[in-house]
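Visitor: Here's my sequence, what's the structure:
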Amino acid sequence: MIAPTQRYLLVLAAMIVSTACGAVTEPLVVVPFKKDGQLLVIEARINGSEPATFVIDSGASHTVFDAKFARQLGLEVQAAAPTTGTGAGDVSKSITKPVRITLSGFTFDLPEPWVIDLSKVPLPAGTMGLLGAEILKSHVVKIDPATSSVSIFDPASSPEGKGASVPLIVDGDKLFLEAVLEAPAGKTVTHKLRIDTGSESSINDEVVQQSEEVRTSTLGGGLGDNFKSYSGVFTSATIGPFTFKKFWGPGGPRPAIGMELLRRFVLTFDAPHGRLYLEPTSQLDEPVPTPPPGG
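Guide: Take a look at the predicted model:
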């Protein structure tokens, strides 16, 4: 038999659990962004600096400071091994000591920011850096194109992710999802695509070079040198329950999915629990632009 005191404690515990389950998880902060093309542009402060412009770039494994901006901040840098980007060849980089970054009053640590010359990268005017994947790995983050906002939640929380849930694959400092790609018609492969909010492309994968319709294209458009390759038409690409049909995409190395498709969803990155939520928006069925001939 359960004693009255024990019964009271059990009822109290049940009430607490019930209340917690029914509670709405509030974000730690909501950060507004502006769109420049398909890119998401926010303001951030570094070590209490004046606000500076950053592009949200989940394809950057570390947050990147432009070399000139790092000098303005007085950061001490040291040479490091080169990295790679969407372009060809190695990209020179340095690293700096840990800094604190503040987004709309919310501050967190960046343990090892990278410093790279971004002067030749096609970024929005005045961009001082790339907000990389660190925050997407350490917290639950919702990117909402409808409200032009980024909501950051405590990593221990479980905010209700709307839409379809697919596995979010965290491999070191990189974030991936799986997609079934069809090119040419009737031939499918399942590939891991790096999630790259710093790219304006649809899906980049060499498999599209096997498409019935291809054309020469200049690829890159990010870190590294541009290079001549091919774009082609994917017969289809399936991510969870969503299938995109007959759309153009670049056929470069390092498979990735960019903002041309990602912008069609409210994206909730729940890396602590290994899930990515895709809530479709009114832009879901918009056509993917055709690349210019030879462009």
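
Visitor: Next secondary structure after the helix-or-strand element of the chain with minimal mean pLDDT?
Guide: Lowest by mean pLDDT, DSSP states H and E among the helices and strands of the chain is helix 4-22, with a mean of 40. Counting by DSSP states H and E, the next helix or strand C-terminal to helix 4-22 is strand 29-32.

Visitor: What strands line up against that next one, and which way round?
Guide: Strand 29-32 sits in its sheet next to strand 149-153 (antiparallel), going by DSSP bridges.

Visitor: buried set for stretch 230-245?
Guide: Buried residues in stretch 230-245, counted by 16 or more other Cβ atoms under 10 Å: 230-240, 242, 244. For glycine as for every other residue, the C-beta is placed from the backbone atoms N, C-alpha and C.

Visitor: Need these in a markdown table (columns: secondary structure).
Guide: Converted to a markdown table, these look like this (DSSP: H, G, I helix; E, B strand; the rest coil):
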| residue | secondary structure |
| --- | --- |
| Y230 | strand |
| S231 | strand |
| G232 | strand |
| V233 | strand |
| F234 | strand |
| T235 | strand |
| S236 | strand |
| A237 | strand |
| T238 | strand |
| I239 | strand |
| G240 | coil |
| F242 | strand |
| F244 | strand |
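
Visitor: want to try a markdown table for the residues you listed, with pLDDT as columns?
Guide: As requested, the buried residues of stretch 230-245 are exported to a markdown table (pLDDT from 0 to 100):
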| residue | pLDDT |
| --- | --- |
| Y230 | 85 |
| S231 | 88 |
| G232 | 93 |
| V233 | 96 |
| F234 | 97 |
| T235 | 98 |
| S236 | 98 |
| A237 | 98 |
| T238 | 99 |
| I239 | 99 |
| G240 | 98 |
| F242 | 98 |
| F244 | 98 |
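
Visitor: and which of those residues is nearest to A146?
Guide: Checking those against A146 with Cβ to Cβ, the nearest one is F242 at 17.1 Å.

Visitor: Name all residues that make contact with the closest one.
Guide: A164, L278, P280, L284 (Cβ atoms under 8 Å, 6 or more residues apart in numbering).

Visitor: Which pLDDT value belongs to the spatially most central residue of the chain?
Guide: For the chain, the residue nearest the mean C-alpha position is S58 (3.1 Å; Cα atoms, centre = their mean). With respect to pLDDT, S58 has a value of 97.

Visitor: any idea which element it lies in?
Guide: Under DSSP H and E, no helix or strand contains S58.

Visitor: so where's the stretch 151-295 of the chain uncertain?
Guide: Scanning the stretch 151-295 of the chain for pLDDT under 70 picks out 161, 218-227, 292-295.

Visitor: can you do 50?
Guide: Low-confidence segments of the stretch 151-295 of the chain, defined by pLDDT under 50: 220, 224, 227.

Visitor: Show the contacting residues for the residue nearest to the centre of the chain.
Guide: G132, A133, L136, L175, I195, D196, T197, G198, F269.

Visitor: and these, which two are the farthest apart?
Guide: Distance extremes for those: the farthest pair is G198 and F269 at 14.4 Å, using Cβ to Cβ.

Visitor: out of the buried residues of stretch 230-245, what pair is the most spread apart?
Guide: Y230 and G240 (27.7 Å).
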